[in-house]
Structure formats: C-alpha cells, structure tokens
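Asker: Pasting a predicted model and its sequence here:
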Amino acid sequence: AGVGIGKTLAYLVACILWQMHRPNQLKMPVVISTSSVALQDAILNEYLPDLSTILLAESIITGPITAVVRKGKERFVCDARLAERQSKAISKGQRQKGSLHMAENVLDLDHVPGLSKYDRCRICVPQSCPRDCFLRLDCRYQQYLRDSMKPDIQICNHNYLLANASHRLEERPLLLRQYQALVVDEAHKLLERMTEIEPEHTSTYLSLANVCYMQEDYPAMAGAAKKAIEIEEGNAMAHYLLGKADNGQGDGIMCIAHLTKAIVLKDDFIEARLLRAEALVQMQQYKEAMEDIDTILAQDPEDESAILLRGKIEEATGNKEKAESSYQKVTELNPFNEQAFLYLGQLYITQNKLAEAIELFTEATELNPNFAEAYHERGRAKLLNGDKEGSAEDMKKGLELNPKEIQNFNGQYGNQPGGSTGNILGL
C-alpha cells in the first residue's frame, strides 16, 4: 500500500477492536513486527496515545491502550556494566561522559545519543547475566522484562520475530509472550531477511514471490521465483509463480512457457492450466485454451473459473448462446459469484438487453459493494439506455473505487450515445 494512507492506524484499530471482543480467558497480546526503529517509536509514542485518547473519548475502551517495544537484550543498558564502564571512563570527553551519564536514566540504548559503538558494547546487557550480580534485585532490565508481560500490544522488529520463531522450533524459552494475533508491517522485508538467514530454503523464496505478487511488484516476484528454481529446479510452484510474474509484466509467451514447465512437472496443476488458458485467450489461441479448460473440467466439472473462461471463449468465437449458458451455470452453482453476473450482463449489453444487464450489474454490486467494474458496466448500460444521470452516478462510483480506471473511460465510453463522457462524469 502507498505511504501516508493510514494503514498503520487501520491495523491498530482492527487489532484493538478484535482484542476487545475476545473472551477474557482467551485474551493474549497482539504482536506487531516492523522493519524500522522509527516506526516502532511512532506506534508507541504517537499512534497508540492518539488512538487511546479518541477511543476513550468515544467510550469505546475503558482504559488506555498499553504497549511495549521488545528488543534484543544487547539494545538495553546493564546497570552493573554501566557502573564499571563509568569507573574506567575518567579520560573520556565530555560528550561521551554525558552519554554514559544519560544511560543511568534511559534503559533503551537506541535512545542514548552520542554513545560510541565501543561504549555501547561495554554497557549493554550481556548474553548471560551472572546469577550473583550485586544489582540483580534492582536491575532495570529485569524489571523491564517483568513489565513487558502485561501490555496489550508487543512491538518488535523482524529480526526479533524470527528469533522468537527459532526459539519456538528449538523448544527454547520464547522471547515474546504467547500472542493471539500477529501484524507484519512491510512483510516483504521480513521475507528478505529470511532469505538472508536461510538462503537455501525454497519455501522462503516462494513466500517472497507471493508477497511481491500481492504488491504487484512483478519484477521482484520473478526474481524470487527464479531464485527458488535455482535451488530446486523441479519445483512446479516456482515455475508457476514465474509464469504468473511474466503474465503480470505482459509477457504472454514466457508466461505460457513457464506454466507449461509447471504442468509438465505436475500434470494435475489446475491453477497453472487455468492461468495458461487465460494467457492463451489473451493471444486469441482459443483452441489451445479450450484444451486446458476441458482438462480442468474433466478433473472438476464445477470449477467456476474454468466455466467462466469457457464462456468468454464461446463469446469471443461467436457462440453467444453457449456463453450465456456457461455464465448462467456458474450463477446456479454459486449465486454469490459476482464475476458471473458481470460477464452475463456484459453479454446482454451486446445483445441490447439493457434492462436485464442493469439488473445483473445491480446484483453484482449487491454481492460486492466495492466491485468497481460492475459500477462501470452498469453506467455503460444506463448510458446506452438513455439514463445519463444514473450513468454518471455509477461511473463516478466506479472511479472512486478504482481511480486507475480513469484512463480507460474515454475509449470505453467516448463514442456512446449522448455525447462526451467528460461532461457526463464532470471530470
């Protein structure tokens, strides 16, 4: 998602409200993993206090939201080691002495400015604390660990989350308290970190490719899939994801080539056959596409995506009655498949069945109120039916839901009866 659109607030609100409605006996903390110290500090010191104020004022929560930042022990001050270092820092400059003095009151080393790397290493909490430490009872770090068990939200970085996962696998004491929900901010960076830690694990690169796909970063997706193939050349999923990345980049030929390799490796790979059929349809290779669809439907006669694609091929080759039958079959198999209502409505527009088409698009928008294309198409049908006001309303709604489509409107609607689309839309 883009920067500055409020996604951090969105997931914080979702976590808080979800946690509120959990049974008391099942309530555990929420963990938020981020890629930067700056975001951790912002969540702790800006987002959550502001949210607490708003939610308290609206009587949505009864007490402030509590949170803690969890970090590796090397990021915190050891009071005993600090005292020892200060006793030896007689020759230090005023700035360095000032930093060491500040550490007496600031536990988190990330918030002690001017501290040299050498001093940081000398005063941080050691990997193993001595049991006979003279400051153990008054240790600020030990108190921090006790306090960190209480808050509603635990915030950590990706490295700490992975370290906790490693402890879980090795059945060692966990670093994070048991949690009921996990939010991974900038998940691709978590996966990138995993590839650094475990560079020979195919599954890590497959996961990274899937995350890149969700972000529509097709070059990065292709790179991750290729790395998975380097590690395990016979992995059908890796070839499928590479074909999917090629499709996203508009390279139909390479898409088909990699999907074919995936299908050779795994003959019953329905997703690969379906995507290959879609790529073939885009290249108007309808006969070859239909062969894939027939194979899919032989395995699963009720595969909705395959039936819809068969309908699109039938429509493209002039068999509109068969196409109508295919779309209707999907609406019977699944009355909640909004795509089937969309396709059937689009077909009816070509047959000048405008009232029926509008009804079908309305059904699609009721099933999915955020279905931008259904609003677009209903606007087109209304315009053809002479309803300029209703058409403008639907087109604007479609653009609000999917602003990227604005460039398509001149070509799609510019030659419709009733004049210029620009005046209708008020754009």
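Answerer: Alright, I've got the coordinates. Residues are numbered from 1 along each chain as shown.

Asker: tell me the contacts of the spatially most central residue of the chain?
Answerer: The chain has residue 214 as the residue nearest its centroid, 6.1 Å off, counting by C-alpha atoms, centre = their mean. Under the criterion of C-beta atoms under 8 Å, 6 or more residues apart in numbering, residue 214 has no neighbours. Where C-beta positions appear, they are placed from N, C-alpha and C, glycine not excepted.

Asker: could you give the mean pLDDT of whichever strand or helix holds residue 240?
Answerer: Assessed by DSSP states H and E, residue 240 sits inside helix 236-248. On average, the pLDDT along helix 236-248 is 95.

Asker: where are the low-confidence patches of the stretch 301-427 of the chain?
Answerer: For the stretch 301-427 of the chain, applying pLDDT under 70 flags the ranges 404-427.

Asker: just to revisit the earlier point, tell me the gap between the helix holding residue 240 and the middle of its chain.
Answerer: 19 Å (C-alpha atoms, centre = their mean, to the nearest Å).

Asker: Please list the outside residues in contact with it.
Answerer: Contacts of helix 236-248 (C-beta under 8 Å, 6+ apart): 202, 205-206, 209-210, 212-213, 216, 218-219, 221-222, 224-226, 228-229, 232, 252, 254-259, 261-263, 265-266, 269, 271-272, 275-276, 278-279.

Asker: circling back to that earlier point, distance check, the residue nearest to the centre of the chain against residue 244.
Answerer: Distance, residue 214 to residue 244, using C-beta to C-beta, to the nearest Å: 12 Å.

Asker: next one: residue 345
Answerer: Taking C-beta to C-beta, one finds residue 345 at 28 Å from residue 244.

Asker: Among the contacts of helix 236-248, name the buried ones.
Answerer: 202, 205-206, 209-210, 212-213, 218, 221-222, 224-226, 228-229, 232, 252, 254-259, 261-263, 265-266, 269, 272, 275-276, 278-279 (16 or more other C-beta atoms under 10 Å).

Asker: Those residues in helices, which ones?
Answerer: 202, 205-206, 209-210, 212-213, 218, 221-222, 224-226, 228-229, 252, 254-259, 261-263, 265, 272, 275-276, 278-279 (DSSP state H).

Asker: Torsion angles phi and psi at residue 199?
Answerer: phi -70, psi -10 (degrees, to the nearest 10).

Asker: where's the closest residue in space to residue 348 that isn't next to it in sequence, which helix or strand?
Answerer: Computed as C-beta to C-beta, 6 or more residues apart in numbering, the closest residue to residue 348 that is not its neighbour in sequence is residue 357, at 3.9 Å. Using DSSP H and E, residue 357 maps to helix 354-367.

Asker: which of the residues in that helix are buried?
Answerer: 354, 356, 357, 358, 359, 360, 361, 362, 363, 364, 365, 367.

Asker: Same question for stretch 242-255.
Answerer: 242, 243, 244, 245, 246, 247, 248, 251, 252, 254, 255.

Asker: Over to that stretch now: how far is its first residue from its last?
Answerer: 7 Å (C-alpha to C-alpha, to the nearest Å).

Asker: so how far is it from its chain's centroid?
Answerer: 21 Å.

Asker: ok so, going back, what is the subsequent helix or strand relative to the helix holding residue 357?
Answerer: Next element after helix 354-367 (DSSP H and E): helix 372-384.

Asker: what's the angle between that following helix and helix 354-367?
Answerer: With axes from the mean of the first three to the mean of the last three C-alpha atoms, to 10 degrees defining the directions, helix 372-384 sits at 160 degrees from helix 354-367.

Asker: Quick one: list the elements packing against helix 372-384.
Answerer: helix 338-350, helix 354-367, helix 388-401, helix 406-413 (3 or more C-beta pairs under 8 Å, 6 or more residues apart in numbering; DSSP states H and E).

Asker: contacting residues around the first one?
Answerer: The set of residues that contact helix 338-350 without belonging to it, under C-beta under 8 Å, 6+ apart, is 304, 308, 311-312, 315, 320, 323-324, 327-328, 330-331, 334, 354, 356-358, 360-361, 363-364, 367-368, 371, 373-374, 377-378, 380-381, 384.

Asker: From these, list just the buried residues.
Answerer: 304, 308, 311-312, 315, 323-324, 327, 330-331, 354, 356-358, 360-361, 363-364, 367, 371, 373-374, 377-378, 380-381, 384.

Asker: quick one: contacts for residue 27?
Answerer: Contacts of residue 27 (C-beta under 8 Å, 6+ apart): 19, 180.

Asker: typo on my end, residue 216
Answerer: residue 248.

Asker: Could you say which helix or strand holds it?
Answerer: Per DSSP H and E, there is no helix or strand for residue 216.

Asker: so how far is residue 238 from residue 266?
Answerer: Distance from residue 266 to residue 238, by C-beta to C-beta: 11 Å.

Asker: Tell me how many other residues surround residue 36.
Answerer: 13 (other C-beta atoms under 10 Å).

Asker: Over to the one 10 residues further on?
Answerer: Here the number of neighbours of residue 46 (other C-beta under 10 Å) works out to 11.

Asker: Which pLDDT value belongs to it?
Answerer: 91.

Asker: Also residue 169?
Answerer: For residue 169, pLDDT reads 66.

Asker: And residue 89, by the same measure?
Answerer: 67.

Asker: Next: residue 210.
Answerer: Looking at residue 210, its pLDDT is 85.
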